[in-house]
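1. Need a 3D model of the following:
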Amino acid sequence: MEAVIAVFALLFVLFLGLGAYATVKVVGAAKRGVDRGITQARRTVEDHTLRAKSFAQLGAAGELAQLRLTLRTSMRATQDALHAAVAEDTSLKESLSLFERLSAHGHELDDELKRLESEPDRTALAERLPELRERTERIKRSADSLRWAARDRARRFAEDDLDTLSAQIDVEAGALRHWATPSESPTTAPPPWPEAPAADAATAGQTWPETPQSSPASEPTRPAITPPGPRPTYPWQKKPRPESTT
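-> Numbering: from 1, shown residues only. Here you go, the predicted model:
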């Protein structure tokens, strides 16, 4: 009885642990989903704010907002393209690693541009704009190069696959239309049919060639019935009487 209770207690603890683990996983997945949604919403708000500042503000402040918007748009597009392509082409892992290193420089520049938006010294800010503009262009050019290279690679693979598929379809279509091609002439002509026999030959009857087995010359002639030989005489037999003529 104690063993049965111990087994039930063990099963209860096991089910309780599995339930707690599943609850933690579900809560974690929900939290990640919420965080992802919040991050996406914050990013959207920041992009709209930067776009509004680039149009509404003039001078250095407006240019800073435009630089941030350009940098963020290029980096996000490259990130999405590489993550989508590496799932199908594992050779892009090296490109993704290079982008992560480039992304560190991009985040550093974005943070610096964000701090400079609240810089009160507009003269010093205007002096730094050429250097900031050049850094932004370099990072953007590198990100665009990675993105377009990944897209060109995927497009090239798609074109090669399409060429191979088209060639296979052409071969299959030709095989399906084989019934429409003229049939090939046989290599050897069939033997001719025998000519019809003449009228007199038809009345004479059909003759068959003699074979060695059916030739009469090959076998000696034998009489149909073998004649009787002389009968032997024995001493106890009576001599035959001559027939009386009277």
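2. what about D170, distance to T164?
-> Using Cβ to Cβ, to the nearest Å, D170 is found at 11 Å from T164. From N, CA and C alone the C-beta is placed, and that goes for glycine too.
3. Over to R122?
-> From R122 across to T164, the span is 61 Å (Cβ to Cβ).
4. Can you report how many residues lie near the residue nearest to V86 when sequence neighbours are not counted?
-> Among residues not flanking V86 along the chain, L92 sits closest, at 4.4 Å (Cβ to Cβ, 6 or more residues apart in numbering). Residues lying near L92 (other Cβ atoms under 10 Å) number 22.
5. Then L82?
-> L82, neighbours per other Cβ under 10 Å, totals 24.
6. shouldn't it be in contact with S91?
-> No. L82 lies out of contact with S91 (Cβ atoms under 8 Å); the separation is 11.9 Å.
7. in this structure, which spans are helices?
-> Listed in chain order, the helices of the chain (DSSP state H) span 2-56, 59-86, 93-116, 122-176, 199-204.
8. Can you convert the ones you listed into JSON lines and add a column each for distance to P192 and mean pLDDT?
-> Formatted as JSON lines, these follow (distance: least, Cβ to Cβ, whole Å; pLDDT from 0 to 100):
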{"stretch": "helix 2-56", "distance to P192": "87", "mean pLDDT": "68"}
{"stretch": "helix 59-86", "distance to P192": "72", "mean pLDDT": "88"}
{"stretch": "helix 93-116", "distance to P192": "76", "mean pLDDT": "92"}
{"stretch": "helix 122-176", "distance to P192": "36", "mean pLDDT": "89"}
{"stretch": "helix 199-204", "distance to P192": "19", "mean pLDDT": "52"}
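9. ok, and which of those helices has the densest surroundings?
-> helix 59-86 (a mean of 19; mean count of other Cβ atoms under 10 Å).
10. what packs against it?
-> On a contact count with 3 or more Cβ pairs under 8 Å, 6 or more residues apart in numbering; DSSP states H and E, helix 59-86 meets helix 2-56, helix 93-116, helix 122-176.
11. Now do it against helix 122-176, angle only.
-> Taking axes from the mean of the first three to the mean of the last three Cα atoms, to 10 degrees, helix 59-86 and helix 122-176 form an angle of 30 degrees between their directions.
12. Next, the angle helix 93-116 makes with helix 59-86.
-> Helix 59-86 runs at 160 degrees relative to helix 93-116, counting by the same axes, to 10 degrees.
13. As JSON lines, the helices of the chain with distance to P191 would be great.
-> Converted to JSON lines, those look like this (distance: least, Cβ to Cβ, whole Å):
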{"stretch": "helix 2-56", "distance to P191": "84"}
{"stretch": "helix 59-86", "distance to P191": "69"}
{"stretch": "helix 93-116", "distance to P191": "73"}
{"stretch": "helix 122-176", "distance to P191": "34"}
{"stretch": "helix 199-204", "distance to P191": "22"}
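14. Now do stretch 82-90: everything it contacts.
-> Applying Cβ atoms under 8 Å, 6 or more residues apart in numbering, the contact partners of stretch 82-90 are 92-93, 95-96, 99, 146-147, 150-151, 153-154, 157.
15. Repeat that for stretch 157-174.
-> D89.
16. Among the contacts of stretch 82-90, which pair sits farthest apart?
-> F99 and F157 (19.9 Å; Cβ to Cβ).
17. returning to what we had before: quick check: which of the helices and strands packed on helix 59-86 is nearest to L69?
-> Counting by Cβ to Cβ, L69 lies closest to helix 2-56 out of the helices and strands packed on helix 59-86; the figure is 4.3 Å.
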